[in-house]
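Asker: structure, please.
(one chain, ligands or ions: 1)
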Amino acid sequence: MHVRTQPIPLHLAGAPVAHPVERGERLVDRRIHDPAAERRALVAGLLSTPASIAPKYFYDALGSALFGAICALPEYYPTRTEAAIFEDARPEIVAAAGTGKQFVDLGAGDCRKAAGWMPTLAPSRYVAVDIAGDALARALMLLGFEYPDVDVCGVITDFTRGLDLRRDLAEGPTTFFYAGSSIGNFAPADAKAFLHAIRRHCGNDRDSGLLIGVDTKKDPRRLQAAYDDAAGVTAAFNRNALAHVNRVLGTRFAADAFAHVAFYNEALSRVEMHLEARIPQTVTIEGIARTFAAGERIHTENSYKYAPAEFTAMLQLAGFASVRCWQDAAGDFAVYYAA
Ligand code: AVJ
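Answerer: Here you go, the predicted model:
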């Protein structure tokens with residue numbers, strides 16, 4: 001067992017740090033601790049016109065719980081449709097990806113999606129990668145108990161700023177796993193660069209590859225409903241970003257003074273989420289008075305949708321030579337294995 005005996009000295013930020021995780025699961029903290037830069041970026045987004053908040057501000061403790069609730073909503077089809085495709089195509093996916101490899105879970109969260117693959121993919125080593133360190137530590141402890149024969153470890157990092165896991169991966173064939181259509185948060189050019197980075201991590205190993213779940217284009221009314229549910233959970237999730245921002249910046253955004261707005265932008269193939277000022281208001285941000293006119297919006301998220309032919313082409317452009325795709329009967333979601 002590794003025990004962290006001292007607080008992390010700032011000049012060592014980014015260096016490997018062993019957390020006190022039970023049973024020898026290793027957790028490495030590779031965050032670049034630059035809270036000042038994070039704050040500056042957040043402030044710049046809020047002072048811009050149109051204003052924006054990065055989607056990562058959704059995921060404080062309450063926001064992560066609300067996202068869990070979103071995944072169970074009747075309107076939010078992606079999570080359950082992806083799970084159904086995994087279930088139906090499991091033998092074919094296992095045959096394509098191969099067993100006994102290193103399994104790298106990008107955006108592991110509570111590691112439950114990956115846990116579903118443990119019995120069949122039977123990885124030799126499981127590397128969970130996520131920005132939320134506390135949740136990761138808990139999830140890894142559980143997984144270590146469930147699968148004592150798997151070498152379980154975790155990496156805390158914000159890989160949306162660029163993926164570099166070379167120090168944390170073992171040699172040998174590796175299956176990368178990026179589920180839930182999280183790739184949809186990237187603009188297409190950034191998505192392609194991210195896929196390219198995964199491809200580079202696969203190196204020359206023909207037995208390495210990427211298993212990825214991606215949402216498809218569909219009736220705009222269904223897309224809209226998935227991001228503007230009747231129970232208002234997504235609205236609460238969206239507004240919670242303001243509560244998070246208030247804690248980070250010491251601002252006094254009144255979350256209920258903003259309306260949840262979500263719609264499918266067909267020209268750009270993305271669902272957009274915004275927070276729209278219900279009434280004119282002024283918020284002091286780092287000493288600067290930022291006035292929001294009634295109806296003015298803060299852009300909080302894009303969620304891009306890809307037709308299977310488009311995403312297959314993107315995987316190929318990123319350097320993957322072979323791409324397989326599985327879908328549900330309605331074509332609501334797609335799962336790809338690219339090698
Ligand atoms: C976690 C980015 C895949 O875009 O569907 C769900 C986030 N936002 N409802 C998505 C989200 C509103 C989700 N991703």
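
Asker: so who does residue 224 touch?
Answerer: Taking C-beta atoms under 8 Å, 6 or more residues apart in numbering, we find residue 224 in contact with 262-264, 271. Glycine gets a C-beta too; all of them are placed from N, C-alpha and C.

Asker: mean confidence score for the helix or strand where residue 234 lies?
Answerer: In the assignment (DSSP states H and E), residue 234 maps to helix 233-249. For helix 233-249, mean pLDDT is 98.

Asker: repeat that for stretch 196-207.
Answerer: Mean predicted lDDT for stretch 196-207 stands at 95.

Asker: give me the low-pLDDT residue ranges for this structure?
Answerer: Applying pLDDT under 70 to the chain flags the ranges 1-25.

Asker: please redo it, this time with the cut-off set to 50
Answerer: For the chain, the stretches with pLDDT under 50 are 1-23.

Asker: quick one: the helices in it?
Answerer: Taking DSSP state H as the test, the helices found in the chain are 35-47, 61-71, 77-97, 112-115, 118-121, 133-146, 188-202, 220-226, 233-249, 308-317.

Asker: including distance to the ligand, could these go into JSON lines?
Answerer: Shown next, in JSON lines, are the helices of the chain (distance: least, C-beta to the nearest ligand atom, whole Å):
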{"stretch": "helix 35-47", "distance to the ligand": "17"}
{"stretch": "helix 61-71", "distance to the ligand": "5"}
{"stretch": "helix 77-97", "distance to the ligand": "6"}
{"stretch": "helix 112-115", "distance to the ligand": "12"}
{"stretch": "helix 118-121", "distance to the ligand": "22"}
{"stretch": "helix 133-146", "distance to the ligand": "14"}
{"stretch": "helix 188-202", "distance to the ligand": "12"}
{"stretch": "helix 220-226", "distance to the ligand": "7"}
{"stretch": "helix 233-249", "distance to the ligand": "5"}
{"stretch": "helix 308-317", "distance to the ligand": "14"}
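
Asker: okay, the ones you listed, which one's buried deepest?
Answerer: helix 233-249 (a mean of 20; mean count of other C-beta atoms under 10 Å).

Asker: before we move on, the earlier item: adding distance to residue 214, write the helices of the chain out as JSON lines.
Answerer: Compiled in JSON lines, the helices of the chain are given as follows (distance: least, C-beta to C-beta, whole Å):
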{"stretch": "helix 35-47", "distance to residue 214": "26"}
{"stretch": "helix 61-71", "distance to residue 214": "16"}
{"stretch": "helix 77-97", "distance to residue 214": "9"}
{"stretch": "helix 112-115", "distance to residue 214": "14"}
{"stretch": "helix 118-121", "distance to residue 214": "20"}
{"stretch": "helix 133-146", "distance to residue 214": "23"}
{"stretch": "helix 188-202", "distance to residue 214": "9"}
{"stretch": "helix 220-226", "distance to residue 214": "14"}
{"stretch": "helix 233-249", "distance to residue 214": "20"}
{"stretch": "helix 308-317", "distance to residue 214": "5"}
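
Asker: can you check which of these gets nearest to residue 299?
Answerer: Across the helices of the chain, residue 299 has its closest neighbour in helix 35-47 (8.6 Å, C-beta to C-beta).

Asker: render the CA-only coordinates of the closest one in PDB, please.
Answerer: Output of helix 35-47 as PDB, limited to C-alpha atoms (Å, rounded to 0.1, in the frame of the first residue of the first chain):
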ATOM      1  CA  PRO A  35      -5.700  27.200 -10.600                       C
ATOM      2  CA  ALA A  36      -4.800  30.700 -11.600                       C
ATOM      3  CA  ALA A  37      -4.800  29.800 -15.300                       C
ATOM      4  CA  GLU A  38      -8.100  27.900 -14.900                       C
ATOM      5  CA  ARG A  39      -9.700  30.900 -13.300                       C
ATOM      6  CA  ARG A  40      -8.400  33.200 -16.000                       C
ATOM      7  CA  ALA A  41      -9.900  31.000 -18.700                       C
ATOM      8  CA  LEU A  42     -13.200  30.800 -16.900                       C
ATOM      9  CA  VAL A  43     -13.300  34.600 -16.300                       C
ATOM     10  CA  ALA A  44     -12.400  35.300 -20.000                       C
ATOM     11  CA  GLY A  45     -15.300  33.000 -21.100                       C
ATOM     12  CA  LEU A  46     -17.800  34.800 -18.900                       C
ATOM     13  CA  LEU A  47     -16.600  38.300 -20.000                       C
END
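
Asker: show me what it is packed against.
Answerer: Under the contact criterion of 3 or more C-beta pairs under 8 Å, 6 or more residues apart in numbering; DSSP states H and E, helix 35-47 touches strand 51-52, helix 233-249, strand 281-285, strand 288-292.
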